[in-house]
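1. quick one, structure for this:
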Amino acid sequence: MSTATELKGRVMIVDGMALLFRAFYATSYGGYIRKTRAGLPTNAVYGFLQYFFDAVSTFEPSHVVCCWDMGKGTFRSEKYEGYKSNRIDAPLELIPQFDLVKEVVAELGVPNIGLVGYEADDCIGTLASCYSGESEVYILTGDHDMLQLVNDSVKVVIMKKGRSNYKVYDPAELLEERGLTPAQVIDLKGFMGDTSDNYPGVKGIGEKTATKLLTEYGTVEGVIENLHLLPKGVRAKIEADLDMLHLSRELAEIRCDVPVVCALADCLWELQRDNAARKFNELEFGSLMHLIGGIAEERDDRGIVQIELGDLG
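-> Numbers count the residues shown, from 1 in each chain. Predicted structure coming up:
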């Protein structure tokens, strides 16, 4: 493949944690946890693979890479002690599947990327920034915080309830649906905070007020410069929580400059069928064999992989 051809490809960056957690809860809500005969829980990995191959079939990437969190401690928890401190521990049946899913992803031929001290989001943001000058980028996630990363060559694919149910965001779609630019997604979180990540923003200001402020004044700085024009109650709330406003915005911003490296050539999507089949057999995933056996790959004249996949069921 020539460099000129490769630049026209489509990179799918997978938010591995989002897929794995979604798969775990989607397959365990009834109380049944899929396990191997030896007792190893595999339900989350099983569901992850279904989501993964459905997305590959839907978006037909030429390149695929998967990003992961590498533990709780990050630069954000150093900035703010309460960051994500409200998170409950992962279910016991999920814990062994964190390493297992990375093994399976590697056997498919997909690079696993993660960096201690940073979140998967930061690895995704950095890789998206690196690839977007050369290639079309699709970020597969369930996390709306990722919407701050969209631009003319980066789309964010939000997984919605059920398989094969996606919402694809580019800047125009983000503006139409939410009335925001990508940069304003960060400022929005500065004002309203994030209950799931446990940082407060400005107490008493929710999404509706924050969106109205940003629509009128553009940025956090624009709002602060015009505090004297705001209703007394809103102004008092912002003045009381000015430091937390700035800190919350810092916590919300996805870093796009972390020291992770994965060359485009290293994430070329070429399914390693034999390795994958061995791993599927080991994990007793016989019912998923059609995902790797029923794929017909061919490259079109632009070098982009065309994939045909049977019904995932």
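2. drop to CA atoms for contacts and neighbour counts, all remaining ones
-> OK.
3. return the helix or strand in this protein with minimum mean pLDDT.
-> strand 305-308 (a mean of 38; mean pLDDT, DSSP states H and E).
4. and the strands in this structure?
-> Listed in chain order, the strands of the chain (DSSP state E) span 10-15, 63-67, 112-113, 136-141, 154-159, 166-169, 296-299, 305-308.
5. can you lay out those strands as JSON lines showing mean neighbour count and distance to Ser85?
-> Output for the strands of the chain, formatted as JSON lines (neighbours: other Cα atoms under 10 Å; distance: least, Cα to Cα, whole Å):
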{"stretch": "strand 10-15", "mean neighbour count": "25", "distance to Ser85": "21"}
{"stretch": "strand 63-67", "mean neighbour count": "24", "distance to Ser85": "22"}
{"stretch": "strand 112-113", "mean neighbour count": "20", "distance to Ser85": "24"}
{"stretch": "strand 136-141", "mean neighbour count": "25", "distance to Ser85": "22"}
{"stretch": "strand 154-159", "mean neighbour count": "24", "distance to Ser85": "25"}
{"stretch": "strand 166-169", "mean neighbour count": "17", "distance to Ser85": "30"}
{"stretch": "strand 296-299", "mean neighbour count": "12", "distance to Ser85": "45"}
{"stretch": "strand 305-308", "mean neighbour count": "18", "distance to Ser85": "42"}
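6. those strands: which one's closest to Glu119?
-> strand 63-67 (8.9 Å; Cα to Cα).
7. and the contacts of the closest one?
-> For strand 63-67, the surrounding residues in contact (Cα atoms under 8 Å, 6 or more residues apart in numbering) are 9-17, 105, 110-114, 120-121, 123-124, 264, 267-269.
8. returning to that earlier point: which one of the strands of the chain lies nearest to Ala38?
-> Across those, closest to Ala38 is strand 112-113 (Cα to Cα), at 26.4 Å.
9. the closest one packs against which elements?
-> If you count contacts as 3 or more Cα pairs under 8 Å, 6 or more residues apart in numbering; DSSP states H and E, strand 112-113 packs onto strand 63-67, helix 95-108.
10. and the last one with strand 63-67, angle?
-> Using axes from the mean of the first three to the mean of the last three Cα atoms, to 10 degrees, the direction of helix 95-108 lies 160 degrees away from that of strand 63-67.
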